[in-house]
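got a predicted structure here, sequence first:
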Amino acid sequence: MKSICILIPCYNEEGNPSLINKKLQSIFTKDKLNKYRCTILFVNDGSADNTLSEIKKISDKYENVYYISLSRNFGHQNAIKAGIDHAEADAVITMDADLQHPPELITDIIKYWEDGYDVVNTKRIDEGKGGIFKRITSSFFYKIINRLSYVKIESGAADFRLLDSKVINELQKINEQNLFLRGIIPWLGFRQCSIKYQPDKRKIGKTKYSVKKMFSFAISGITSFSIKPLRLSMLIGLALSILAIVYMLYAIYINLFTAKAMPGWTSIIVSVLFIGGLQLLMLGIIGEYLGKLFIENKKRPNYIIEEKKLRNEN
Ligand code: UDP
Ligand code: MG
């Protein structure tokens, strides 16, 4: 019997694990899925509320529910990685705890897997839901990242997808600190497809992605996949140097051949401020990459497990 594991990262999701568990258990008994051994793996990402005890209660009651609890909050991507490293199944489906990813879609996703796809991605279609701000920033982010990087990342891509055990094996070998699954997974290759879904409203609690977190997620996504910003800063620097040389020649000409060398305060202050600002910007870009190297170089684990209950352990 083939097995399917639903992997759900949870950070302060009190109330949601029970809801999603009920939904999933009823889907598991349906025709399309009852030929598989279906399990649920919750990853508690250092929640400060009662998420863990709720998950434990569910796991005591349902023999197909397992969990991993991390020692602190390691972030969404690392929580998924922890699950991927420990999920033992022929296919793993990752989804959010808040029921924004409709569980009903799972049967469609499985159909594509049965047809031979190794990765079934999902793409959100937004129609007014999810907030206009998030929609605009998200579409802007995907435009930039696709311009800048070498892998194509679809806009509206969600961390709601099926991964075949082949892909899971490869993902287990990847130990990047700045994990950006939406970029890594297209990069891995294999047979991939994408299906559309309409996101629901978050059931309980509020989003863990503040504007600040989203911004740092975006910067990390771009700099993990591309060195084009570095090249761009070099090109801008080059163009400015050429302009500076032209201006220098002009200044010398004025000085030597016309008698009206002005005090020139304006041009000096403007160019000093402009070039200064630009240099800081470029240093910042370089710093971003250097910082990444620094963190990566330490080779710390992506997560630390405090306690767990897994399928192969009982
Ligand atoms: N999440 C997590 N660790 C974090 C932040 C979020 O495990 O540090 C989980 C969260 O519990 C949820 C999923 O990641 O299951 C997506 O988070 P959220 O719903 O807040 O993001 P949004 O849907 O607003 O983009
Ligand atoms: Mg959500």
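Thanks, I have it. Ligands and ions are numbered 1, 2, ... in the order given.

for whichever helix or strand residue 135 is part of, name the packing helices and strands.
Using DSSP states H and E, residue 135 maps to helix 132-148. Contact here means 3 or more Cβ pairs under 8 Å, 6 or more residues apart in numbering; DSSP states H and E; on that basis helix 132-148 packs against helix 211-225, helix 228-257. To be clear about C-beta, it is placed using only N, CA and C from the backbone, and glycine gets the same treatment.

kindly reformat the ones you listed as CSV containing mean neighbour count.
What follows is the helices and strands packed on helix 132-148, written out as CSV (neighbours: other Cβ atoms under 10 Å):
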stretch, mean neighbour count
helix 211-225, 16
helix 228-257, 12
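
and these, which one is worst for confidence?
Mean pLDDT per stretch puts helix 211-225 lowest among the helices and strands packed on helix 132-148, at a mean of 77.

is that one positioned near ligand 1?
No. Applying Cβ under 6 Å from any ligand atom, one finds helix 211-225 out of contact with ligand 1, separated by at least 7.9 Å.

what's that helix packed up against?
helix 132-148, helix 181-188, helix 265-297.

now for those, which one comes closest to ligand 1?
Among these, the nearest to ligand 1 by Cβ to the nearest ligand atom is helix 132-148 (7.7 Å).

buried set for stretch 83-91?
Residues of stretch 83-91 classed as buried by neighbour count (16 or more other Cβ atoms under 10 Å): 83-84, 86-87, 89-91.

narrow those to those in strands?
Assigned to strands by DSSP state E, the following of those qualify: residue 91.

which one of the buried residues of stretch 83-91 is nearest residue 132?
Proximity of the buried residues of stretch 83-91 to residue 132 was ranked by Cβ to Cβ; the top entry is residue 83 with 31.9 Å.

check what pLDDT the nearest residue to that closest one once chain neighbours are set aside gets.
Spatial nearest neighbour of residue 83, excluding adjacent residues (Cβ to Cβ, 6 or more residues apart in numbering): residue 7 at 4.0 Å. We have a pLDDT of 96 for residue 7.
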